[in-house]
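Peer 1: Attaching a predicted model along with its sequence, questions to come.
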Amino acid sequence: MLSTVISAAYLTLWISSSVVTSAQDPYMDRALKLMSETPLIDGHNDLPWQLRLQFNNQLSNVDLNTLETTHTNIPKIKEGRLGAQFWSAYVPCESQYKDAVRQTLEQIDVVHRMCEKYNETFMFATSSEEIMEAFNTNRTASLIGVEGGHSLDSSLATLRIMYQLGVRYLTLTHSCNTPWADNWLVDTGSEPSQHSGLSAFGKQLIVEMNRLGMLIDLAHVTEAVMNQVLSMSQAPVIFSHSSAYSICPHKRNVPDDVLLKVKAKEGIVMVNFYNDYVTCSKTANISDVADHFDHIKKVAGAGIIGFGGDYDGVTRLPEGLEDVSKVPKVVAELLRRGWTDEEVNAALGKNLLRVLSQAEKVRDALTWKSPDDVPIPYDEVKNSCRTSYGYNPEEDHSAAADHSLSALSLLLTLATQAVITLSVS
């Protein structure tokens, strides 16, 4: 009886609060209505990494309904109207050449187990159709993005296995170079370029990702890599958690000329909420975040914008956006600034649904193509922790020449894919 009375009291307070909020801010009322019709799809959340740091991935030791040491929990997700989330399967660069693959598989596993344990809240999803299925059943569609090419250990087979496990995007680098791609720190001058963007194997990887239907995430790469991928990818690309460089000139953000190329490729830039990428300082507010949305829309249109909050992966968030429950405030601010319902719906989720759907179409058009089984040259990955089984030591000296032939084959493949893509679109 007492619990019934308490529950009724909480419900009365919630209804009263909602009425007051709605009366004070009609834009919020409109924002919540739009979010009930179109799923808010966020490109990047590091809750899985927090589960490792705080609980060593032991879900039996944590309750996501009551967890208060993260930006994300189930009540906050519901209050924030989170329709779909790309959960980050992230492991640090320190794991490169060591146990990165194992640790990444464990992060993929914890997302699967999270969805199983809280199946009334989460639905594991791998496609645009499944995102909408989850949304229509009042669950948060849960997808996986692997944050950092070091998680592959330079293996196309590992890429394919991760796709089979449900991974739907790969961030090509984190904050370290891989044996085949340069990371964003190269553009700051703090690290040397190793590949002038992508190596020949890096370009092989892009082609294989197109064949699989895995989204290519450029959030942590150099401008050279951005431009190379935008030039060669047959599918739209994403920036899962980056903002506008012209508003905050941080090398993790996207320059205007690249925004225009993303538009031409029909891709998406999902705005990051981290203060350092919003204002290039330690403080920020909701208006500052909205400035990035406005700038991207001005340069390249509302058709390339999305949300990529980076919750639970950053240490400083804007005032008013302290956790995932606050995201509707950004939507209300955009409406206050004159964004149309159509533009807001695009940014909420329709843009990402279009991008994922187009990647699926490219995949389906490439079913004739066999998996790429040409390995990276051993000389490019040789280290004390790696064995050389399968490689012929007598042929090491000719590896570069062999890879040149592979590069020629790659160019022919790209030309063929371009023709196919034109027919698809």
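Peer 2: Okay, I see it.
Peer 1: neighbours of the nearest residue to residue 335 once chain neighbours are set aside, just the number please.
Peer 2: The shortest distance from residue 335 to any non-neighbouring residue, by CB to CB, 6 or more residues apart in numbering, is to residue 27 (4.5 Å). Every C-beta, even on glycine, is put in place using the N, C-alpha and C of the backbone. By other CB atoms under 10 Å, the residues close to residue 27 number 16.
Peer 1: Distance from the helix or strand hosting residue 27 to the middle of the chain?
Peer 2: Assessed by DSSP states H and E, residue 27 sits inside helix 26-37. Centroid displacement of helix 26-37 relative to its chain, using CA atoms, centre = their mean, to the nearest Å, is 25 Å.
Peer 1: who does it touch, helix- and strand-wise?
Peer 2: If you count contacts as 3 or more CB pairs under 8 Å, 6 or more residues apart in numbering; DSSP states H and E, helix 26-37 packs onto helix 2-24, helix 328-336, helix 341-345.
Peer 1: Any idea which of those has the lowest pLDDT on average?
Peer 2: Here these differ in mean pLDDT, and the lowest is helix 2-24 at a mean of 44.
Peer 1: isn't residue 336 right up against residue 27?
Peer 2: Yes: using CB atoms under 8 Å, residue 336 is in contact with residue 27, at 4.8 Å.
Peer 1: centroid residue for this protein?
Peer 2: Taking CA atoms, centre = their mean, the centroid of the chain lies closest to residue 240, which sits 3.4 Å from it.
Peer 1: Just list the residues touching that one, thanks.
Peer 2: Taking CB atoms under 8 Å, 6 or more residues apart in numbering, we find residue 240 in contact with 43, 44, 86, 145, 169, 171, 217, 219, 270, 308.
Peer 1: which residues touch the closest residue to the second one other than its chain neighbours?
Peer 2: Meaning residue 44. Closest residue to residue 44 apart from its sequence neighbours, by CB to CB, 6+ apart: residue 241 at 3.8 Å. Residue 241 sits next to 43, 44, 219, 270, 272, 274, 308, 309, 310, 313 when contact means CB under 8 Å, 6+ apart.
Peer 1: Same question for residue 391.
Peer 2: Residue 391 sits in contact with 375, 378, where contact means CB under 8 Å, 6+ apart.
Peer 1: quick one, phi/psi of it?
Peer 2: Backbone geometry at residue 391, expressed as degrees, to the nearest 10, gives phi -90, psi 140.
Peer 1: re the thing from before, any idea how far the residue nearest to the centre of the chain lies from residue 201?
Peer 2: Between residue 240 and residue 201 the computed distance is 23 Å (CB to CB, to the nearest Å).
Peer 1: Same question for residue 286.
Peer 2: 43 Å.
Peer 1: hang on, the earlier thing: for the residue nearest to residue 44, give me the pLDDT.
Peer 2: With respect to pLDDT, residue 241 scores 98.
Peer 1: and the closest residue to residue 307 other than its chain neighbours, bridged to which residues?
Peer 2: Nearest residue to residue 307, sequence neighbours excluded (CB to CB, 6+ apart): residue 42, at 5.0 Å. For residue 42, the beta-bridge partners are residue 85, residue 307 (DSSP bridges).
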